[in-house]
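Participant: Give me the fold of what follows.
(one chain, ligands or ions: 2)
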Amino acid sequence: MKVTAIGTGYVGLVTGACLAEMGNHVVCLDVNPEKIRILNDGEIPIHEPGLLEVVRRNVAAGRLQFTTDVDLAVNHGTILFIGVGTPPDEDGSADLQYVLAAARSIGQRMTDYKVIVDKSTVPVGTADKVRAAIADELGKRGLSDMAYAVVSNPEFLKEGAAVEDFMKPDRIIVGSEDEQATLLMRALYAPFTRNHDRLIVMDLRSAEFTKYAANAMLATRISFMNEMALLAEKVGADIEWVRRGIGSDPRIGYSFLYAGAGYGGSCFPKDVKALIHAAQGEGILLRVLTAVEEANERQKILLVDKVVARFGADLKGHHFAIWGLAFKPNTDDMREAPALVIVKELLARGATVAAYDPVAMPEAKRLLADAKGLQFTERAEQALEGADALLLVTEWKEFKSPDFDQIKSSLKQPVVFDGRNQYEPTLMKALGIEHHGIGR
Ligand SMILES: NC(=O)c1ccc[n+]([C@@H]2O[C@H](COP(=O)([O-])OP(=O)(O)OC[C@H]3O[C@@H](n4cnc5c(N)ncnc54)[C@H](O)[C@@H]3O)[C@@H](O)[C@H]2O)c1
Ligand SMILES: O=c1ccn([C@@H]2O[C@H](COP(=O)(O)OP(=O)(O)O[C@H]3O[C@H](CO)[C@@H](O)[C@H](O)[C@H]3O)[C@@H](O)[C@H]2O)c(=O)[nH]1
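Facilitator: Ligands and ions are numbered 1, 2, ... in the order given. Model prediction:
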């Protein structure tokens, strides 16, 4: 099939590359010429395991191309995915300007039947707005009779596992009220659905809502566990045992029960906010989600609270090592990363910081360019030199079994704030390391 992916970010690029992998002919469009230049040079603008190989293979096979040429892109695909950003507006609502601009650019150019697919995370009712924007542009061209369908197909991939998630999805949600479009979507996704019940077709609004409800549920589980961890710590329980104990109940399950330094990323924080905002518009206060967000704000600063409890509120003259800056491992994405809050707060309290991340440092340097007292080190061990303590913020694999002797000898005193519960407290005790975990 001929497919166009509008937007070459995490979602658009993965969608385009993985659809090409199954034999489709895909054109990826972006308004950012720098991203398209990088892609046309045979590189990718993001760190995403396995993606570069898929991109290169399909470019070489002539099934995948990148362009800033809107005419070419719109005319190419029968199915056009909109995968542009939907960042939070000042009031927390989803900003639809990029989605609607993409829709208009389609309406300004299309000359035959198209299926326009909202893949971006968008509030309920957006498909109607996309349809209206296209209709408006077609009307201006005197083409009001031209047939097209708008479909909702929210994306559930996780950064750091995006290719794997796209190739082997738990489910594919298609919101469609147009028979021909549903048929095309079923055909497009047939190679990805190991059994048919993985593709769920529903009405448009339910599909749009499903995406927010999924992220809200996952964020709720995390904030719930983070609150349980706060209490566990006070009453002398270990949240890691509690996690295993409750996860074994299939009604609860093991996934997404890890207490930590708070959830970040480009999705949970913005989608929780957007859902709260959408509900407000309907006169409903979402009490649970409001608390989920508040709990997460508290959690992001928790490691610093622990540092303050140990070293005092005024951290002048203190120096700290930070391992991990990305909002989660296997990505260079720093959006809403807890590390940003932690670094800024330590610096504001007068401390100096040496930070290391395997891939997110270029992005961290960009975002923290004005931060005084912050240095980045080329290797993890260098960050430890002369620090009062180590703060583990992102659980990259290379931090899982570090050289604890080196940690002890490099730090001024052997203190570790383990923001992702990576180290066993009993082992730390045996090694003579003062260990501050989350909820243990
Ligand atoms: N990042 C994720 O893990 C993830 C997962 C599922 C869903 N989502 C959702 O998918 C959407 C995209 O997220 P992302 O992380 O890929 O965003 P991103 O910011 O990485 O990429 C968006 C891209 O769209 C481009 N763009 C903007 N307007 C355009 C236009 N009119 N025409 C062509 N290109 C345009 C931008 O230049 C940018 O490259 C968001 O709604 C997000 O919530 C993201
Ligand atoms: O048990 C857990 C699991 C995750 N996290 C944190 O939660 C955040 C989000 O992690 P994750 O969900 O793995 O990454 P994302 O790439 O943000 O993916 C989420 O957001 C995407 C965008 O909407 C969705 O497509 C995915 O299904 C959804 O998992 C990160 O800061 C993690 O550290 C925890 O603290 N504890």
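
Participant: Next one: Asp178 from Ala149, what distance?
Facilitator: The spacing between Asp178 and Ala149, counted by C-beta to C-beta, to the nearest Å, is 4 Å. For the C-beta atoms, the positions are set from N, CA and C on the backbone; glycine is no exception.

Participant: neighbour count winner among these two?
Facilitator: Neighbours were counted for Asp178 and for Ala149 using other C-beta atoms under 10 Å; Ala149 has more, 21 against 16.

Participant: if I've got this straight, that one is in a helix?
Facilitator: No - assigned with DSSP: H, G, I helix; E, B strand; the rest coil, Ala149 falls outside any helix and is strand.

Participant: what pairs with it across the strands?
Facilitator: Val115 (DSSP bridges).

Participant: for whichever helix or strand Phe417 is part of, packing partners?
Facilitator: Using DSSP states H and E, Phe417 falls within strand 415-418. Packed against strand 415-418 by the contact rule (3 or more C-beta pairs under 8 Å, 6 or more residues apart in numbering; DSSP states H and E) you find helix 287-311, strand 389-392, strand 434-436.

Participant: buried residues in the helix or strand that it is followed by?
Facilitator: Sequence-wise, the next helix or strand downstream of strand 415-418 (DSSP H and E) is helix 425-431. By neighbour count on 16 or more other C-beta atoms under 10 Å, the buried set for helix 425-431 is Pro425, Met428, Leu431.

Participant: Ok, stretch 192-208 next?
Facilitator: Phe192, Thr193, Leu199, Met202, Leu204, Arg205, Ala207, Glu208.

Participant: and ligand 1, which of those residues reach it?
Facilitator: Here nothing survives when the buried residues of stretch 192-208 are matched to ligand 1 using C-beta under 6 Å from any ligand atom.

Participant: how about the residues you listed in TSV, adding secondary structure?
Facilitator: Formatted as TSV, those follow (three-state DSSP):
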residue	secondary structure
Phe192	helix
Thr193	coil
Leu199	strand
Met202	strand
Leu204	helix
Arg205	helix
Ala207	helix
Glu208	helix
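
Participant: Of all pairs in the residues you listed, which one is the farthest apart?
Facilitator: Across the buried residues of stretch 192-208, no pair lies farther apart than Phe192 and Arg205, at 24.0 Å, counting by C-beta to C-beta.

Participant: can you tell me how far Arg141 sits from ligand 1?
Facilitator: 19 Å (C-beta to the nearest ligand atom, to the nearest Å).

Participant: scratch that, Met428
Facilitator: 33 Å.

Participant: Mutual contacts of Asp178 and Ala149, please.
Facilitator: Val115 (C-beta atoms under 8 Å, 6 or more residues apart in numbering).

Participant: so who does Glu227 touch?
Facilitator: So Glu227 contacts Ala295 (C-beta under 8 Å, 6+ apart).

Participant: coming back round to it: which of the helices and strands packed on strand 415-418 sits most buried?
Facilitator: strand 389-392 (a mean of 25; mean count of other C-beta atoms under 10 Å).

Participant: Say whether ligand 2 is contacted by it.
Facilitator: No - using C-beta under 6 Å from any ligand atom, we find that strand 389-392 stays clear of ligand 2, coming within 12.2 Å at best.

Participant: Now do that strand: which elements does it pack against?
Facilitator: helix 287-311, strand 319-323, strand 415-418.

Participant: any chance of those in a markdown table, with mean pLDDT and distance to Thr121 too?
Facilitator: Output for the helices and strands packed on strand 389-392, formatted as a markdown table (pLDDT from 0 to 100; distance: least, C-beta to C-beta, whole Å):
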| stretch | mean pLDDT | distance to Thr121 |
| --- | --- | --- |
| helix 287-311 | 98 | 15 |
| strand 319-323 | 98 | 30 |
| strand 415-418 | 98 | 32 |
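
Participant: Could you dump these into TSV with distance to ligand 2 added?
Facilitator: Formatted as TSV, the helices and strands packed on strand 389-392 follow (distance: least, C-beta to the nearest ligand atom, whole Å):
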stretch	distance to ligand 2
helix 287-311	8
strand 319-323	14
strand 415-418	13
